[in-house]
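# Requesting a structural model of the entry that follows:
(chains A, B and C)
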Amino acid sequence: MARYVSPPNQLDFKQQVWQCVRQIPPGMVATYGQIAALISAPTGVDPAAYVSFGARWVGGAMKNCPEDVPWQRVINSQGKISLPRGGGEEIQRELLETEGVQFDERDRVDLRRYRWPGPGL
DNA sequence: TCCTTGACTCAGA
DNA sequence: CTCTGAGCCAAGG
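Next up is the predicted model:
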């Protein structure tokens, strides 16, 4: 816990992330950058800097996300799972497959098709 | 207080 | 399409 260099809005930021993730329908996936782009930047943070690092903030929020948040539907812009070792990458793949998301032979998801909000929206 | 790492992304080869 | 390197802000030791 560092000093309160940042306002408690940061917590609110996380909640926004979770809420956005909750809006993702089953069988679809979203990227960290997408989530970061959909929500606003916390107070005292440069928009440009937020755009550059927002994705990572989303990742940090996911790390502390409640169980009611389908973090499994959140992946990187490459359409792949970037969970840390032993984090549960297998679990995520299983959950996504259960929802109807198909994986490539390289453990990749076809964002062109499962990306949310999809091109059809 | 300084240094390292991180559930990322973009650009170049 | 895949691999490598650099950049960004914040938290922890």
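# all strands in chain A, in order from the N-terminus.
A:30-31, A:74-75 (DSSP state E).
# Please enumerate residues in contact with the first one?
Residues from elsewhere that reach strand A:30-31 (CB atoms under 8 Å, 6 or more residues apart in numbering): A:20-21, A:24, A:55, A:73-77, A:79, A:111, A:115-116. Backbone N, C-alpha and C define where each C-beta goes, glycine included.
# go with 7 Å
Strand A:30-31 is contacted from outside by A:Ile24, A:Arg73, A:Val74, A:Ile75, A:Asn76, A:Ser77, A:Arg115, A:Trp116, using CB atoms under 7 Å, 6 or more residues apart in numbering.
# I figured A:Arg22 hits A:Pro66, correct?
No: with contacts counted by CB atoms under 7 Å, A:Arg22 stays clear of A:Pro66, the gap being 9.5 Å.
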